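> Sharing a sequence plus its predicted fold:
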Amino acid sequence: MSAREKTQASAIATNRRARHEYDIEQTYEAGISLVGSEVKTLRAGKASLQDAYGVINRDELWVYGMHIPEYPQASMLNHEPARARKLLMHRKEIQKLQAKTQQEGYTLIPLKLYFKGNKVKVELALAKGRKKWDKREAIAKREATREMAKHAGAVRRGERRP
C-alpha cells in the first residue's frame, strides 16, 4: 500500500439523516477506542450511525447508539453491538465542546465513521436541531436551486422552455 492510499480516508458508515435533521455548526475529527472484533467488522463495512449521539462525561467524550454488529468468527471474544464507545480527542477540545453543548439546543452528532490509514476515525458535528418548518424551508431552497440550474443548462444549450 502506497503512502497516498494510507492517507486517503475510506468511509465505513455515514449518517445521511443528520444533515437534514440538524444545522451543522462545526465538525471535528476524533479517534475511537475499539476492540479487535469491532475493527474486523468495520473492515467488512458494517456499522450504523443512525441513532448515534455524543455525550461528555467527566471530561471524556463518549458515543452512544452506534451499532457495530458482532463479528461471526470471534466466538466468545465478541463485543456488545450497541455499547458506549470512548472517543479520543485532546482535553482542551473536549472542554470547548462541553462549553458549547451546554448552550441550549446544541448536541454532538457523529456524521461519518471512516478509516484514516489503519486507524478508525469519527467525524463529529456540533449541531443544532431543526424545527419542522426549517426542514421544509431547506427542501424548498434545494429544489429551487435545482430548478434554476436545470433551466440555466437549457438556456445554454439554446433550448426553448415549453
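Done, it's in. Predicted model only: the values in this text are computed from it and were never measured.
> and residue 93, what does it touch?
residue 28 (CB atoms under 8 Å, 6 or more residues apart in numbering). All C-beta spots, glycine's among them, are computed from the backbone N, C-alpha and C.
> Tell me how far it lies from residue 59.
Here residue 93 is placed at a distance of 11 Å from residue 59 (CB to CB, to the nearest Å).
> For the residue nearest the centre of the chain, which non-adjacent residue is closest in space?
In the chain, the centroid-proximal residue (CA atoms, centre = their mean) is residue 111; its distance is 1.0 Å. Distances taken as CB to CB, 6 or more residues apart in numbering place residue 123 nearest to residue 111, at 4.6 Å, with adjacent residues excluded.
> so what's that neighbour bridging to?
Judged by DSSP bridges, the bridge partners of residue 123 are residue 29, residue 112.
> What pLDDT is listed against it?
Residue 123 is assigned 91 on the pLDDT scale.
> Then residue 155?
On the pLDDT scale, residue 155 gets 63.
> rewinding a little: who touches the residue nearest to the centre of the chain in this structure?
Contacts for residue 111 were tallied using CB under 8 Å, 6+ apart; they are 14, 15, 18, 19, 24, 27, 49, 123, 124, 125.
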